[in-house]
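Trainee: the following block contains a protein sequence and its predicted model.
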Amino acid sequence: MSPATPAPETGGAALELLVHGVGGATPQSMLDDPRTVRVTGDGTAAVYRRAEDLDAEDHPERYAARPVPEAYCWSNLTSGDGTRALWLLLLPFMVANLAHWMRPPAQGMPGLVRLYGVLVRLVALTLTVLLTAAACEVALDLTAWQCAGTAACSDAYSWLGFLAADRGGWWSAPGRRLALAALVPTALVGLLWYLSNRTWSAYEAQRPPTGYDAPAPEPQPGTPSDTEAADLAEPPTPAELRPALGRPGFWYGRRLVARLRAAHTAAGFLTVAAAIATATARHDTGARAVLGLALQTALVALCAVVLWVVCRRGRSERRLDLRVERTLVSWLPGSALVLLALTALHAGWSRPGWASGGTLPGDAAFGALTLAQGGLVVALGAVALLLQRPRRDPRTALRGLGGPAVAMLACALAGVMSGGVAQRVADWLDGSGAGEGGPRIGPPVLLSWQASVIPVLLLLLLVPAALLAVRTVVDARRLRPAVEADYDAADEPDPVRTGQIAAGRARAALTDSAPVLVGVVSGATLLLGAASVAGAWASGNVPGRAFDGAHPAIASAASAAQAIGSWMIGLGFLLFVTWGRRAYKDASARRTIGILWDVGTFWPRAAHPFAPPCYAERAVPDLTWRMSSWTRGTGGRLVISGHSQGSVLAAAAVWQLTPATRGRVALLTYGSPLERLYGRWFPAYFGPEALRSLHRTVHCWSNLHRATDPIGGPVRVPAEAGRPAVDGDVLLDPVAYGRTREHPLPEPILGHSDYQADPAFAERRSALLDRLPPALPRQREPNGQEHQGSSGRSSG
């Protein structure tokens, strides 16, 4: 059905700006016309019109009874070319970045807000170190140290022949093998830097419209300067009254991303240098020991600088911060790379009598990282509880602990990816027969323990999953009378039809149980992770052998958990690689993965610079510029219609408008996760106060939702100050219970899709446009020409 159905009765020129949701959409489908024209934008994101509407501003008489429809298509921001498949490597970083934005709302606690941001950034830093350490484990320990140091393994793989310890070549020295293998993790860090820098130049470079009010005053000495302390104890100035998403610098995080990128790149290089230095330190004597000590001192000093850079400054939102600390951005990673090169040269120094045996000291490093991550998550939880305590909202996910829980999930994802790579490579190398009559090729003991807890975690998840399944069945039965009452079908009920609709409503309600599952997974992961570290350090052996003397049932369970966990983590790695390969070659698979990025990369990169880029830093300025330019040039009325994730973009763009422009804009949201997902999980930015503020600032707002929609829902903003409530009556889905004269065939249950097919959509849009003030006289440019309200027309 066309979105351009009859709308306002009076009021002059009107525009409907449509914004699609997750999964993307074509302008042809959004405008219900195969002939579309790109009005403004590029191949990544653009605004389109029907060809027949291109000159709508020149012929307002044609559109007296309907608005001019425009479609903003932004799906290529998250599912464009094949390089998007590389973003799968960045999944843990994306999840850690989400934790930053999940903090509870705070007023008058700038110290705690700042501490929350610092802790999340430190968790994000440990993820970079963990990923680099995993690459070092694969390249340095498993390949260059264990396999190349074992005759059976090096003979099985001819490409390792020049590194084989038993052949006595120049590269056979252990230090030189490690130095050469260090190129692999170094290249990985360089790839992460390249991806971050490339997207930084494209996404964070988009400047939002500014200048309609004075920026917030500069903080005085001794007061927090970054955005984590934006909720000040003193009464706010007028510029600070806007919600966070309306601040001038919210969608322009260029400076912070550059700082964090330099720090994380340096941390990656320093991790590789530390892996080499710890292996060589035990075999240094004389001048080599002095030089090694100097390199280790420089290594510690640079690590301290990295920590200082990460903790020192957060985001600057109250003003548009155009500065980029180019000296720091280039000096810090450059110095770390030079130190890595010097450490590799030092490792290549001949050390008579040094032979590779056993494994590199990886257990201590991975164990320290695991404990550090657990400690940071616990500290983050304590800070979140302190922030949440003064103003508890019962709908906030996990009582304000959503951020710490998601940070724990990021650590778990990184652990699974790291352990999966190490386990898979170890199995591959050990398959050569190196373990027959000699030492086996294997990852650190801790990684085997961590893999062994995966089956236990899945068993624990079966309990809440079973309970939710039972509850869904019970709710479906309980909802049957309500379904029949909604459709007035009590006289002629259809048990099958009633059951389908009731089951759809019950399944849609499962979304509200997501916090329970996230809490169970995060809590179990924290406890099982601590248990795996304790087991690895106490036994010094893999689980299957650590319980050799225990009861046969316990020993069998430990061996089974180790075998199943190793198989599952290896399978997960293979699925991950397969998924990425398919996404690189197949555009449809890339669009499917793009849905994950649509939800996860809405927020700016405030914690991890290697996370996938924030598409909203391009989309929100695009929408803001379009609404501002059209209303200023035509004086007309505008309704921005956002579906699903598009409603979140629409709300964020409306917050960025000037007060004068907001007075000519109406907001229509449908299938919107604004409160159901964003309000519950990101309460500081989409909580009840923020949504009520949006209701007060925009001229009018209406929200459509269905009981069968698993994503969208009511926004729960009540009527106030002469403004009606945002939510209307729940839309019936399907629109007809059985066969009728208007609907001779059975209507489908639409759930989250096709809201525009419901007659209520056009009615609600008409009501919004009629509530907007009449169109103003069109403005003229200095040359006497009337402003067209669009720019850069090209065929699309």
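Mentor: Received the coordinates, thanks. Source: prediction; values computed, not measured.
Trainee: now do the end-to-end distance for stretch 43-51.
Mentor: 18 Å (Cα to Cα, to the nearest Å).
Trainee: buried sites along that stretch?
Mentor: For stretch 43-51, a neighbour-count test (16 or more other Cβ atoms under 10 Å) marks Thr44, Ala45, Ala46, Val47, Tyr48, Arg49, Arg50 as buried. C-beta coordinates here come from the backbone N, C-alpha and C atoms, glycine included.
Trainee: now do the contacts for the second one.
Mentor: Listed by Cβ atoms under 8 Å, 6 or more residues apart in numbering, the contact set of Ala45 reads Tyr72, Cys73, Trp74, Asn76, Leu77, Arg618, Ala619, Asp622.
Trainee: return the subset of these lying in helices.
Mentor: Arg618, Ala619, Asp622 (DSSP state H).
Trainee: which of these lies closest to Ala397?
Mentor: Relative to Ala397, the closest of these is Ala619; by Cβ to Cβ it sits at 24.8 Å.
Trainee: from Gly642, how far out is the closest one?
Mentor: Using Cβ to Cβ, to the nearest Å, one gets 11 Å for the distance from Ala619 to Gly642.
Trainee: what's the overlap in contacts for those two?
Mentor: Joint contacts of Ala619 and Gly642 (Cβ under 8 Å, 6+ apart) are Leu649.
Trainee: related to what we said a few turns ago, where is pLDDT lowest across the buried residues of stretch 43-51?
Mentor: Ranked by pLDDT, those bottom out at Thr44 (87).
Trainee: on that earlier part again, closest to Gly108 among the buried residues of stretch 43-51?
Mentor: Closest to Gly108, out of all of the buried residues of stretch 43-51 and judged by Cβ to Cβ, is Ala45, at 39.0 Å.
Trainee: run a quick neighbour tally on the closest residue to that closest one other than its chain neighbours.
Mentor: Once flanking residues are discounted, Ala45 sits nearest to Trp74: 4.5 Å by Cβ to Cβ, 6 or more residues apart in numbering. Trp74 has 24 neighbours, counted by other Cβ atoms under 10 Å.
Trainee: for Trp74, what are its contacts?
Mentor: Val19, His20, Ala45, Tyr615, Arg618, Ala619, Asp622, Leu649.
Trainee: where does the stretch 351-500 of the chain have low pLDDT?
Mentor: Along the stretch 351-500 of the chain, segments meeting pLDDT under 70 span 390, 432-439, 490.
Trainee: where along the stretch 501-650 of the chain do the strands fall?
Mentor: 637-643 (DSSP state E, counting those that start in this stretch).
Trainee: where are the low-confidence patches of it?
Mentor: In the stretch 501-650 of the chain (pLDDT under 70), the answer is 580-581, 583-596.
Trainee: what is the nearest of the contacts of Ala45 to Gln107?
Mentor: Ala619 (29.4 Å).
Trainee: just give the nearest non-adjacent residue to the closest one, would you?
Mentor: Trp74 (4.8 Å).
Trainee: and the gap between the one you found and Thr132?
Mentor: 33 Å.
Trainee: can you name the residues that contact the most centrally placed residue in the chain?
Mentor: Relative to the mean C-alpha position of the chain, the nearest C-alpha, by Cα atoms, centre = their mean, is the one of Gly600, at 2.8 Å. Neighbour list for Gly600: Met94, Val95, Leu98, Pro612 [criterion: Cβ under 8 Å, 6+ apart].
Trainee: which one of the residues you listed is nearest to Met30?
Mentor: Nearest member of the contacts of Gly600 to Met30, counting by Cβ to Cβ, is Pro612, at 24.5 Å.
Trainee: quick check: phi and psi at the residue nearest to Ala619.
Mentor: The phi/psi pair for Trp74 (degrees, to the nearest 10) reads phi -120, psi 10.
Trainee: now do Thr40
Mentor: phi -160, psi 150.
Trainee: what bridges to it?
Mentor: Val47 (DSSP bridges).
Trainee: count the residues that sit near it.
Mentor: 19.
Trainee: do His752 as well
Mentor: With other Cβ under 10 Å as criterion, His752 counts 22.
Trainee: just the element for it, please.
Mentor: Assessed by DSSP states H and E, His752 sits outside every helix and strand.
Trainee: I'd say it and His705 touch.
Mentor: No. His752 is beyond contact range of His705, at 10.0 Å (criterion: Cβ atoms under 8 Å).
Trainee: identify the contacts common to those two.
Mentor: Joint contacts of His752 and His705 (Cβ under 8 Å, 6+ apart) are Gly671, Gly712.
Trainee: if we can go back for a sec, out of the contacts of Ala45, which comes closest to Ala524?
Mentor: Using Cβ to Cβ, those come closest to Ala524 at Leu77, 35.1 Å.
Trainee: residues in contact with the nearest residue to the closest one once chain neighbours are set aside?
Mentor: Once flanking residues are discounted, Leu77 sits nearest to Tyr615: 3.7 Å by Cβ to Cβ, 6+ apart. If you count contacts by Cβ under 8 Å, 6+ apart, Tyr615 has them with Trp74, Leu77, Thr78, Tyr203, Trp597, Asp598, Thr601, Phe602.
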